[in-house]
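Undergrad: can you look at this prediction? I've put the sequence above it.
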Amino acid sequence: MGDRYNIHSQLEHLQSKYIGTGHADTTMYEWLTNQHRDSFASYMGHFDMLNYFALCENEAKARIRFNLMERMLQPCGQPPEKPEE
C-alpha cells in the first residue's frame with residue numbers, strides 16, 4: 001500500500017513540474033499539441049537536424065527555424081470547441 005501511494009505522489013509531482021506529461025483531464029488535442037511543440041523544439045535544438053531539414057527543403061537554416069517557430073503557435077490547427085455544460 002505504501003508503494004502505491006509513493007508512485008501516485010511521484011506521478012503528481014511530475015505532472016505539476018512538466019506540462020507535457022498530461023493528467024487525467026488532458027484532451028487529445030492538448031496532448032497532440034504538446035507532442036508537436038516538443039518535437040519542433042527538439043528539431044531547433046539539434047543543429048544537425050536543422051541542417052538536414054534545410055538541405056531537404058533547399059531553404060536557409062534561419063528560414064527553417066522561423067517556420068518551425070511559427071508552426072509552434074498552433075501546431076494542430078484551431079482548438080476544438082468545448083461543449084458547454
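TA: Received the coordinates, thanks.

Undergrad: so M49 makes contact with S42?
TA: Yes: between M49 and S42 there is a contact under Cβ atoms under 8 Å: 7.5 Å. From N, CA and C alone the C-beta is placed, and that goes for glycine too.

Undergrad: so the two - more neighbours on which side?
TA: M49 (13 against 10; other Cβ atoms under 10 Å).

Undergrad: so which helix or strand takes in the more buried one?
TA: Element membership for M49, per DSSP states H and E: helix 47-57.

Undergrad: do the same with H8
TA: Going by DSSP H and E, H8 is in helix 2-17.

Undergrad: before we move on, what about Q35?
TA: helix 28-45.

Undergrad: report how many residues lie close to the residue nearest to G22 when sequence neighbours are not counted.
TA: With Cβ to Cβ, 6 or more residues apart in numbering as the criterion, G22 has its nearest non-adjacent residue at 5.7 Å, and that residue is W31. Residues contacting W31 under the criterion other Cβ under 10 Å number 14.

Undergrad: where does pLDDT dip in this protein?
TA: For the chain, applying pLDDT under 70 flags the ranges 1-5, 20, 85.

Undergrad: chain center to the helix holding M49, what's the gap?
TA: Centroid separation for helix 47-57 versus its chain: 20 Å, with Cα atoms, centre = their mean, to the nearest Å.
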